[in-house]
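Asks: Quick check, what structure comes out for this input:
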Amino acid sequence: MEKRASRFWQRVNDYGSDETRDPFSHSGAYHRHFQGYAEQRVPRENGKGTRIERVYIADYYRYAETDAVWRGKKLLYAILFFAAAGAVILAGSRPAAVNRIPAVGAAQILAFLPMIWLLYQLVLQVTAPRRMTIGERDSAAGGFRKAALVSGLYLMAVAVMMPVEKAIVYGSLDGGDWAVIGLTLLGSGLTLLLGFLEKGRKQEKVPNEKTAPVGANEIW
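Replies: You can find the predicted model right below:
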C-alpha cells in the first residue's frame, strides 16, 4: 500500500513541473496529506525540469503507551474487526425468514460499504508507524474512529429495521429471526467498540528538530 501511495504522490509531484503553472497550488486533499511539510522545487537529476522535495518540519505524534501495548492494540483491532465482519456475514447467511425480506437483504448488502471503509481504515491504523506525521495521525486515528462509528450505527439501524419489516411482512418473529438480529447487533457492538477504544487512546507530541529550508513553502 505504501508503494502505491508513493507512486500516486510521485504523479502529484510530476504534475505542475511546467514552470508556467503555480508550483505550489495544491488541492485540499494534498494539504491534508502533507500538512506539516516544507516543500521546494529542485532540479531533476537528469537536468530536465524540476521536482518537489519535501521535508517534514512539524512535531510528530505517537500514542502515549508502551511499544507492547501499541502492538497489542493493532492485533486487538484486527481481531475485533474480523469478529464483527464474521457476525454480519453469518447473520446474512442464516436460513431465517427475516433474511428473505427484500428490504432487509438490500440493507444487509449495503452494510458492506461502511465495513469496507472500516477495513481500509484498519489497514491504515495497523500499518501506521510508531511516530506519525500529522497526515498519518489523522488517517490512522481520526479516519478509523469515523469509519467505526458509521459502521456500528448502520448495523444497529439494520438490526432495528429487521423486526419491523418482519412484523409487516409475516406478522411475528421466530427463533431464527432473533438469531439474525442478535448477530447483527453483535457486529454493531464490536465496530462501535473499535471506535470507543480508539477514542480513549491518548497521543503525545514528539519534537522534530528539522526546520524548513530557506525559501521553501510550508504546508499548514
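Asks: tell me which element the residue of the chain positioned farthest from its centre falls in.
Replies: Largest separation from the mean C-alpha position in the chain: Gly171, at 40.1 Å (C-alpha atoms, centre = their mean). Gly171 is located outside every helix and strand, with elements delineated by DSSP states H and E.
Asks: What distance do you get for it to Met156?
Replies: 24 Å (C-beta to C-beta, to the nearest Å). Yep, even glycine has a C-beta here, placed from its N, CA and C like the rest.
Asks: Does Leu183 belong to a helix, a strand or coil?
Replies: Using DSSP: H, G, I helix; E, B strand; the rest coil, the structure places Leu183 in helix.
Asks: follow-up on the earlier one: can you check what pLDDT the model gives the residue farthest from the centre of the chain?
Replies: Listed pLDDT for Gly171 reads 78.
Asks: Please apply the same query to Ile89.
Replies: At Ile89, pLDDT is 96.
Asks: how many other residues sit next to the residue lying closest to Tyr60 once chain neighbours are set aside?
Replies: Once flanking residues are discounted, Tyr60 sits nearest to Val206: 4.0 Å by C-beta to C-beta, 6 or more residues apart in numbering. For Val206, the count of nearby residues is 12 (other C-beta atoms under 10 Å).
Asks: Name all residues that make contact with Val206.
Replies: Asp59, Tyr60, Tyr61, Arg62, Arg131 (C-beta atoms under 8 Å, 6 or more residues apart in numbering).
Asks: could you flag which of those residues are buried?
Replies: Neighbour counting with 16 or more other C-beta atoms under 10 Å marks Tyr60, Tyr61, Arg62 as buried within the contacts of Val206.
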